[in-house]
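In: Can you look at this prediction? I've put the sequence above it.
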Amino acid sequence: MKRMFLLLLVLFVSFLSVAGAQQSATKPPVGTPSQWRHLRANQNSGTTGMAAANIQSNPNQATRIWELGIFPGGTWAGLTDINDSGVLVGLGDVPPIGSNGFGYTHTLLMPLFGPNAGEWVDLGTLGGEQSNAGWEEPFPVKISNTGLVTSHSTAPDGQVHAVAWTKESGMIDLGTLADSGDGEYPNYNSSYGGATNKLGTLIVGWSGVN
């Protein structure tokens, strides 16, 4: 697949602040914010889950690891970012499971604290079947301290677009360079969100030819 990439956008967006998790939990939390320093994938019988390592401040103490599992009914999950409130985001598949043994790839979220600690949240798509269909590169999902998530999703026409998500707004299509009306980029019909700042007011990403 031929791709030409160009810096897509520096969007100043104003979203409502959403942490997605509270420090006061109604059930035992899995660690504390200051203790979370490392995430790694855990391979187990061909199924990828996520393991989170709790690094103690005392180097003589043993490291504790919690298996976070996968989305209910799915087969794999890969978490790529965490904010200061202990909310994790990444990608994973959700039912139904196809003949290839995998489900549809969606952007996922999991709070580590609060009443919904340890529960997976499916952020959905723009209407297409898979959030990362057609892309070979492992584009990470990012989350700000206000709860704004930047990712990518498949639109109904099959093209992948950069997206932003908050609890209040749901998933918002950030478009592509082709949507900008600039005559230099009429074929730049795909994009993805690459990062967001901690305040959730800045999103950067790329647009290319798919």
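Out: On my side now, so go ahead.

In: Please count neighbours and contacts with C-alpha atoms only from this point.
Out: OK.

In: for this structure, what spans make up the strands?
Out: Using DSSP state E, the strands found in the chain span residues 5-12, 36-44, 47-54, 64-69, 77-82, 87-94, 104-111, 121-122, 142-143, 149-154, 160-166, 170-175, 190-196, 202-208.

In: mind giving me CSV with these and columns for distance to residue 181, mean neighbour count and mean pLDDT?
Out: Converted to CSV, the strands of the chain look like this (distance: least, C-alpha to C-alpha, whole Å; neighbours: other C-alpha atoms under 10 Å; pLDDT from 0 to 100):
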stretch, distance to residue 181, mean neighbour count, mean pLDDT
strand 5-12, 13, 15, 33
strand 36-44, 41, 14, 34
strand 47-54, 41, 18, 57
strand 64-69, 44, 15, 83
strand 77-82, 33, 23, 92
strand 87-94, 31, 25, 93
strand 104-111, 29, 24, 93
strand 121-122, 33, 15, 96
strand 142-143, 28, 28, 96
strand 149-154, 21, 30, 92
strand 160-166, 16, 25, 94
strand 170-175, 11, 18, 94
strand 190-196, 14, 25, 91
strand 202-208, 14, 22, 89
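
In: Residue 122 pairs with what?
Out: Beta-bridge partners for residue 122, by DSSP bridges, are residue 108.

In: before we move on, what about residue 171?
Out: Beta-bridge partners, per DSSP bridges, of residue 171: residue 165.

In: That one touches residue 125, doesn't it?
Out: Yes: Residue 171 lies in contact with residue 125 (C-alpha atoms under 8 Å); the separation is 7.2 Å.

In: Any chance of TSV for the strands of the chain, columns distance to residue 130?
Out: Listed next are these as TSV, based on distance: least, C-alpha to C-alpha, whole Å:
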stretch	distance to residue 130
strand 5-12	21
strand 36-44	21
strand 47-54	18
strand 64-69	20
strand 77-82	14
strand 87-94	9
strand 104-111	5
strand 121-122	12
strand 142-143	18
strand 149-154	6
strand 160-166	9
strand 170-175	14
strand 190-196	14
strand 202-208	18
